[in-house]
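In: Using only what follows, build the 3D model:
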Amino acid sequence: MKLNELEKQMTELGYCKGTSPQGLINSSDIDTKVCRYSKCQKCRHEGLEFIPFIHYGINSYRAFAHCPKCGHVEEF
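Out: Sure thing, here's the model as predicted:
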């Protein structure tokens, strides 16, 4: 999936870009670091971009990794 497809799909599902509210730990900092050291499943490029989505109505948070080299997006 490409980033523009993901954004369209998530918007249709009622999500917007954003991170989950901070609790005892800062999950967005952890997710950012996980992406930074992860490799793309498609092209094996190391260093992915963290793309978070949140749905306030159902209190749902979804995290995705975007490859800046090939454009592949994957949920983690």
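In: contacts and neighbour counts: CA atoms only from here.
Out: Will do.
In: How about residues contacting the helix or strand bottoming out on mean pLDDT in the chain?
Out: Averaged element by element with mean pLDDT, DSSP states H and E, the chain has its least confident helix or strand at helix 27-36 (a mean of 91). Residues outside helix 27-36 that contact it (Cα atoms under 8 Å, 6 or more residues apart in numbering): 19, 20, 46, 47, 48, 49, 50, 52, 63, 65.
In: what does stretch 45-54 give?
Out: Residues from elsewhere that reach stretch 45-54, judged by Cα under 8 Å, 6+ apart: 10, 15-20, 28, 31-32, 35-40, 60-69.
In: ok, of those residues, which come out buried?
Out: 10, 15-16, 18-20, 28, 31-32, 35, 38-40, 61-67 (16 or more other Cα atoms under 10 Å).
In: Give the helix, strand or coil label for residue 51.
Out: strand (DSSP: H, G, I helix; E, B strand; the rest coil).
In: That one bridge partners, please.
Out: For residue 51, the beta-bridge partners are residue 64 (DSSP bridges).
In: Kindly state the pLDDT recorded for residue 68?
Out: At residue 68, the model reports a pLDDT of 96.
In: cool, and residue 1?
Out: We have a pLDDT of 82 for residue 1.
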